[in-house]
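Peer 1: build the 3D model from these lines:
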Amino acid sequence: MKTFRKSTGSGSATVQLILNNSGLVQAQAGFLSLDGGGAGSGRFEAGPGATNNFGGQTYTLVAGAAFEGAGLFQVAQNAGGGILAIATPLTITNRFLLHVGGVLGGTNTVTFTGPFDWV
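Peer 2: Coordinates of the predicted model:
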């Protein structure tokens, strides 16, 4: 996949299919929720005021995965489990929110060096 983008509007866009990312998943505005699960070795980007959400089935981050942008990244239970699985050493410097019902798991470690909230 090259680029998957939510580009305009303050509303929500929900993806309920498996989305494997080896390119760029970008929330430029509003709320983009990946609810169908999948795996990612590409970049995930959230612009100012935008949210990139992992909210459904298990989404696995593998070697090469990276988070960028001034927006919010979160794990919340929208449909199914809301599980973000870490399968590679990862450092996240961006704003991150873990909701009740959201799960961080996997077989590797993640280090959060930016703001991290758990609600």
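
Peer 1: flag the shaky bits of this structure, pLDDT-wise.
Peer 2: Residue ranges of the chain with pLDDT under 70: 1, 79-80.

Peer 1: can you pull out the helices in it?
Peer 2: For the chain, no helices are identified by DSSP state H.

Peer 1: quick one: contacts for the nearest residue to residue 11 once chain neighbours are set aside?
Peer 2: Sequence neighbours aside, residue 30 is the residue nearest to residue 11 in space, at 5.3 Å (criterion: Cβ to Cβ, 6 or more residues apart in numbering). For glycine as for every other residue, the C-beta is placed from the backbone atoms N, C-alpha and C. Taking Cβ atoms under 8 Å, 6 or more residues apart in numbering as the contact definition, residue 30 lies against 6, 8-13, 50-51.

Peer 1: distance check, residue 30 against residue 12.
Peer 2: Here the criterion is Cβ to Cβ, to the nearest Å. By it, residue 30 lies 6 Å from residue 12.

Peer 1: for residue 38, which residues make a bridge with it?
Peer 2: On the basis of DSSP bridges, residue 38 is bridged to residue 59.
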